[in-house]
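# Everything below, folded, please.
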Amino acid sequence: MEMKMQLPSDFETELKSQIVAIVAEALATVTNRPQAPEYMDIGGAADYLAVSRGTMMKFIRMGLPMFKVDGTTRIKRTELDKFMALHTI
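Residues are numbered from 1 along each chain as shown. Okay, the predicted model is just below:
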């Protein structure tokens, strides 16, 4: 079944304008999000993944790579992303 409808040109113009405004607002929201740093401490990594510190420690025990320099522990953002991709079901 095919249905054709003729809309008034001012309605079509307004509809296009509204769609452009909605898309622009969505893009502004996404591009204004702060980027996670390349290296994060355990708390920052937990925030990045939206999990608790306890869960982050479990991920580390499961093999999530981390770096320790002079007693400071850091986890690389790309390693977090890889770890989560490896455990996707």
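# how about low-confidence regions in the protein?
30-34 (pLDDT under 70).
# What are the boundaries of the helices in it?
Along the chain, the segments classed as helices by DSSP state H run 9-31, 42-49, 53-61, 77-86.
# Now tabulate those helices in CSV and tack on mean neighbour count.
For the C-beta atoms, the positions are set from N, CA and C on the backbone; glycine is no exception. Shown next, in CSV, are those (neighbours: other C-beta atoms under 10 Å):
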stretch, mean neighbour count
helix 9-31, 10
helix 42-49, 17
helix 53-61, 14
helix 77-86, 14
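# Out of the ones you listed, which gets nearest to Met3?
Checking the helices of the chain against Met3 by C-beta to C-beta gives helix 9-31 as the closest, at 16.7 Å.
# So what touches the closest one?
For helix 9-31, the surrounding residues in contact (C-beta atoms under 8 Å, 6 or more residues apart in numbering) are Leu7.
# where does it sit relative to the chain's centre, distance-wise?
Relative to the centre of its chain, helix 9-31 is centred 23 Å away, using C-alpha atoms, centre = their mean, to the nearest Å.
# just stretch 5-12 next, same as before
38 Å.
# Likewise for stretch 2-12?
38 Å.
# Repeat that for stretch 52-69.
Relative to the centre of its chain, stretch 52-69 is centred 20 Å away, using C-alpha atoms, centre = their mean.
# ok, back up a step: any chance of the helices of the chain in a markdown table with distance to Met3 as columns?
Formatted as a markdown table, the helices of the chain follow (distance: least, C-beta to C-beta, whole Å):
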| stretch | distance to Met3 |
| --- | --- |
| helix 9-31 | 17 |
| helix 42-49 | 47 |
| helix 53-61 | 52 |
| helix 77-86 | 44 |
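# and Glu2, which of those helices is closest to it?
Here helix 9-31 is closest among the helices of the chain (C-beta to C-beta), at 19.4 Å.
# Can I get that closest one in CSV? Just the C-alpha atoms.
Presented in CSV, the C-alpha positions along helix 9-31 are these (Å, rounded to 0.1, in the frame of the first residue of the first chain):
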residue,chain,number,x,y,z
SER,A,9,5.3,24.3,1.7
ASP,A,10,5.4,26.4,5.0
PHE,A,11,4.7,23.3,7.0
GLU,A,12,7.5,21.4,5.3
THR,A,13,9.9,24.3,5.9
GLU,A,14,9.0,24.5,9.6
LEU,A,15,9.4,20.7,9.9
LYS,A,16,12.9,20.8,8.4
SER,A,17,13.8,23.7,10.6
GLN,A,18,12.7,21.8,13.7
ILE,A,19,14.6,18.7,12.7
VAL,A,20,17.8,20.7,12.1
ALA,A,21,17.5,22.4,15.5
ILE,A,22,17.0,19.0,17.2
VAL,A,23,20.0,17.5,15.5
ALA,A,24,22.2,20.5,16.3
GLU,A,25,21.2,20.3,19.9
ALA,A,26,22.0,16.6,20.1
LEU,A,27,25.4,17.2,18.4
ALA,A,28,26.2,20.0,20.8
THR,A,29,25.4,17.8,23.8
VAL,A,30,27.7,15.0,22.5
THR,A,31,30.6,17.2,21.5
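# Having no further points to raise, I will conclude here.
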